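Engineer: what's the 3D shape of this:
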Amino acid sequence: MDTKIGTGAPEVSQIATCSVGVLDGSPQKGVASSTTLAVKLSNATLGGYLARRLVQIGVTDVFSVPGDSNLVLLDHLIAEPGITNIGCCNELNAGYAADGYARSRRVGACVVTFTVGGLSLLNAIAGAYSENLPVICIVGGPNSNDYGTNRILHHTIGLPDFTQELRCFQTVTCYQAVINHLEDAQQKIDTAISTALRESKPVYINISCNLVGIPHPSFSREPVPLSLPPRLSNRMALDAVVEAAAEFLNKALKPVMVAGPEIRVARAGDAFVELAAISGYATAVLPAAKGLVPEDHPLYIGTYWGVASTAFCSEIVESADAYLIVGPIFDDVTTSGNSLLLKIEKSIIVKPDRVIIANKHEFGSVLMEDFLRALAKKVKRNITAHEKYTRTFVPWGHPVKCFPNEPLRVNVMFQHIQKMLSGQTTVIADAGDSWFNCMKLKLPQGCLCEFQVQYASIGWSVGATLGYAQASPTKQVIAFVGDGSFQVTAQEVSTMLRNGQNLIFLINNGGYTVEKAIHDGPYNVIKNWNYTGVVDAIHNGEGKCWTAKVRCEEELVEAIETATGAKKDHLCFIEVILHKDDISKEVLAWGARVAAANSRPPSP
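Structural biologist: You can find the predicted model right below:
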């Protein structure tokens, strides 16, 4: 029995001729046909083999920064008709792009050079690890003859020890392969790729630069299809936990359901929605799971984020007498400084491979999807919590209208952003106030949303926007990034201009706004840039680019009309000037609680 890589994806036995499937349903750009994959097998090389494997799992774009130890490898990758090389400005952004790509294609890849490139990439790979994204991290390594010698190589720290980079990656990848012999190269590549897909985590592959172009008999055969061992629930454990969970929930008067980000890695989104429809429970999402549950579902009540929740959501969740929380990650960002008013004894926590009931009984070897589908057959319908939400909910009022030429306010801005969304839109929001404003957007059917909540690396959104757009060319990607975040990764706009169209809203409010809400100080004020001028300079007359700087509502409306109309086929960059203290009430409430958590005195 073969297992499947995700809902809607082909079975693993089919991966040799099919790709891994796309979350947003759009066709995959550039996926090679079986004839495209044809190579002169008598001249098959390590580099050619790796390229074919990448195409077979759905990677048709690799994000790279050239260096002297990966140049020949890049030659072999771009010689594969099914692969496009996307040259990035630096390794950090290449990793962020592979992260964004994997969110759409379920797998991504990046290629850098040894140590100086790998260590620059490390932060992005750590973020992908925290988000459960399978990114194939490929490093061009030292010449195989240098291993075991006392030679000192450039791009290293000056020691004849080539393991520094490997040791760093061991903490943020689920498998590491150092390939300095041809004899075991095929086995290591296949193990790395299959492990990434199975664990949904990044992997590290280091390939000696002098081996890439050498033929070997192990590469002369058409690759055997990748095969992942099936992941199955223990039937006795599944039956037992479903009975216990159904009894727990069926006794409750007003149970609720909450979706967390791990439903993505567990491929359990459809099962979650099915259970919600059958149970009738009021259904919310944690912030990192926004977009993973359809917001047009009749039982959907919003984003649960403690004091930063959408209107009336936290009141319904926290007043429930039973919570079914599926795939949560309860870090201090998600819990608003550990201030959620949830009682663990009232909860059923469903992880990708286990279920914990009331913090007393834990059942292992139970897969999330199997549990949710089996529970749907046992749970009694109970719409009490949703009826309570319906009775108490008061629709948000419209922001006070701006006077002509009045300085723009953030709540007015996002009123207009809401009107832009459609089923062909993906929203990407960087860490900070963009999170909180985008959380309040109501996503129409088919509209997706991507955040990096757990790792929260500022600047992530710029590279992720590049990667996501490359993976999903039929989607309109709209990114929201703060001025401080943009200064970290701004140069990747250059790569966007060479490879596609996106719409970026730059929030210029003079500094690190979310940090101000936690603890203010002069370090939160940054040097202001002429951001549209920076992008115009990067544009330099090459590619399609349009920029606008808006200060009032009238200018915003005009800019949006232009970006979605006459300049729709351009990279559109809209700099929005806001007051430094114009931030959402959710940020203020959340920041105060995170500050309180951070400032707890040492335990006696």
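Engineer: beta partners for residue 548?
Structural biologist: Judged by DSSP bridges, the bridge partners of residue 548 are residue 574.
Engineer: Now do the contacts for it.
Structural biologist: 532, 555, 558-559, 562-563, 572-575 (C-beta atoms under 8 Å, 6 or more residues apart in numbering). Quick note: C-beta positions are derived from backbone N, CA and C, even for glycine.
Engineer: which of the residues you listed has the most neighbours?
Structural biologist: In terms of neighbours by other C-beta atoms under 10 Å, the contacts of residue 548 top out with residue 573 at 28 neighbours.
Engineer: of the contacts of residue 548, closest to residue 438?
Structural biologist: Of all those, residue 438 sits closest to residue 574, with 15.3 Å by C-beta to C-beta.
Engineer: Could you pull up the residues touching the closest one?
Structural biologist: Residue 574 neighbours (C-beta under 8 Å, 6+ apart): 503-506, 547-550, 556, 559-560, 563.
Engineer: on that earlier part again, in strands only, show me the contacts of residue 548.
Structural biologist: Per DSSP state E, strands hold the following members of those: 572-575.
Engineer: is it possible to export those residues to TSV including pLDDT and distance to residue 451?
Structural biologist: Below are those laid out as TSV (pLDDT from 0 to 100; distance: C-beta to C-beta, whole Å):
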residue	pLDDT	distance to residue 451
572	97	22
573	98	21
574	98	20
575	98	22
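Engineer: Just send the residues you listed back as JSON lines, with distance to residue 601 too.
Structural biologist: Formatted as JSON lines, the ones in strands among the contacts of residue 548 follow (distance: C-beta to C-beta, whole Å):
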{"residue": "572", "distance to residue 601": "49"}
{"residue": "573", "distance to residue 601": "45"}
{"residue": "574", "distance to residue 601": "45"}
{"residue": "575", "distance to residue 601": "42"}
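Engineer: which among those gets closest to residue 343?
Structural biologist: For those, the nearest to residue 343 is residue 574 (44.5 Å; C-beta to C-beta).
Engineer: how near is the closest one to residue 241?
Structural biologist: 50 Å (C-beta to C-beta, to the nearest Å).
Engineer: What of residue 499?
Structural biologist: 47 Å.
Engineer: For the stretch 101-250 of the chain, which segments count as strands?
Structural biologist: Counting by DSSP state E, counting those that start in this stretch, the stretch 101-250 of the chain has strands at residues 108-113, 135-141, 176-179, 203-208.
Engineer: contacting residues for residue 181?
Structural biologist: With C-beta under 8 Å, 6+ apart, residue 181 has these contacts: 144, 211.
Engineer: Is it possible to get the strands of the stretch 101-250 of the chain out as a markdown table so that each row also shows distance to residue 395?
Structural biologist: Formatted as a markdown table, these follow (distance: least, C-beta to C-beta, whole Å):
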| stretch | distance to residue 395 |
| --- | --- |
| strand 108-113 | 39 |
| strand 135-141 | 41 |
| strand 176-179 | 52 |
| strand 203-208 | 47 |
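Engineer: Burial-wise, tell me which of those comes out on top.
Structural biologist: strand 108-113 (a mean of 30; mean count of other C-beta atoms under 10 Å).
Engineer: Report the mean confidence score over it.
Structural biologist: Averaging pLDDT along strand 108-113 gives 98.
Engineer: what helices or strands is it leaning on?
Structural biologist: On a contact count with 3 or more C-beta pairs under 8 Å, 6 or more residues apart in numbering; DSSP states H and E, strand 108-113 meets strand 61-64, helix 71-79, helix 91-105, helix 116-130, strand 135-141.
Engineer: tell me the most buried of these?
Structural biologist: helix 91-105 (a mean of 31).
Engineer: Would you mind checking the average pLDDT for that one?
Structural biologist: pLDDT averaged over helix 91-105 gives 98.
Engineer: Now do that helix: distance to the chain's middle.
Structural biologist: Centroid separation between helix 91-105 and its chain, computed with C-alpha atoms, centre = their mean, to the nearest Å, is 8 Å.
Engineer: angle of it against helix 116-130?
Structural biologist: With axes from the mean of the first three to the mean of the last three C-alpha atoms, to 10 degrees as the basis, helix 91-105 and helix 116-130 are set at 40 degrees to each other.
Engineer: Helix 91-105 versus strand 108-113: what angle between them?
Structural biologist: Calculated by the same axes, to 10 degrees, helix 91-105 forms an angle of 160 degrees with strand 108-113.
Engineer: now for helix 91-105, which elements pack on it?
Structural biologist: Using 3+ C-beta pairs under 8 Å, 6+ apart: helix 91-105 touches strand 61-64, strand 108-113, helix 116-130, strand 135-141, helix 460-471, helix 483-489.
Engineer: could these be laid out in TSV, adding distance to residue 261?
Structural biologist: Below are those laid out as TSV (distance: least, C-beta to C-beta, whole Å):
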stretch	distance to residue 261
strand 61-64	23
strand 108-113	17
helix 116-130	10
strand 135-141	16
helix 460-471	15
helix 483-489	20
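Engineer: With respect to residue 402, which of those lies nearest?
Structural biologist: Short answer: helix 483-489, nearest of those by C-beta to C-beta, at 21.5 Å.
Engineer: Show me what the closest one is packed up against.
Structural biologist: Going by 3+ C-beta pairs under 8 Å, 6+ apart, helix 483-489 lies up against helix 91-105, helix 460-471, strand 503-508.
Engineer: Would you mind measuring from residue 516 to residue 276?
Structural biologist: Taking C-beta to C-beta, one finds residue 516 at 38 Å from residue 276.
Engineer: Have a look at the two and say which one is more surrounded.
Structural biologist: residue 276 (26 against 21).
Engineer: Could you look up the SS state of that one?
Structural biologist: helix (DSSP: H, G, I helix; E, B strand; the rest coil).
Engineer: quick one, phi psi at the residue nearest to it when sequence neighbours are not counted?
Structural biologist: Distances taken as C-beta to C-beta, 6 or more residues apart in numbering place residue 283 nearest to residue 276, at 4.5 Å, with adjacent residues excluded. Per-residue torsions, residue 283: phi -120, psi 130 (degrees, to the nearest 10).
Engineer: Bridged to residue 283, which residues?
Structural biologist: residue 257, residue 300.
Engineer: can you give me the helices in the stretch 151-300 of the chain?
Structural biologist: Secondary structure of the stretch 151-300 of the chain, counting by DSSP state H, counting those that start in this stretch: helices at 164-169, 185-199, 235-250, 262-265, 269-279.
Engineer: which of these sits most buried?
Structural biologist: helix 262-265 (a mean of 23).
Engineer: Just the mean pLDDT for that one, thanks.
Structural biologist: For helix 262-265, the mean confidence score works out to 96.
Engineer: Counting by contacts, list what the lowest-mean-pLDDT helix or strand in the chain packs against.
Structural biologist: When each helix and strand of the chain is scored by mean pLDDT, DSSP states H and E, helix 513-518 comes last, with a mean of 88. Secondary structure elements in contact with helix 513-518, counted by 3+ C-beta pairs under 8 Å, 6+ apart, are helix 433-439, helix 585-598.
Engineer: any idea how far residue 538 is from residue 576?
Structural biologist: Residue 576 is 19 Å from residue 538, by C-beta to C-beta.
Engineer: can you give me the strands in the stretch 301-450 of the chain?
Structural biologist: 322-326, 347-351, 354-357, 361-364, 425-429, 448-450.
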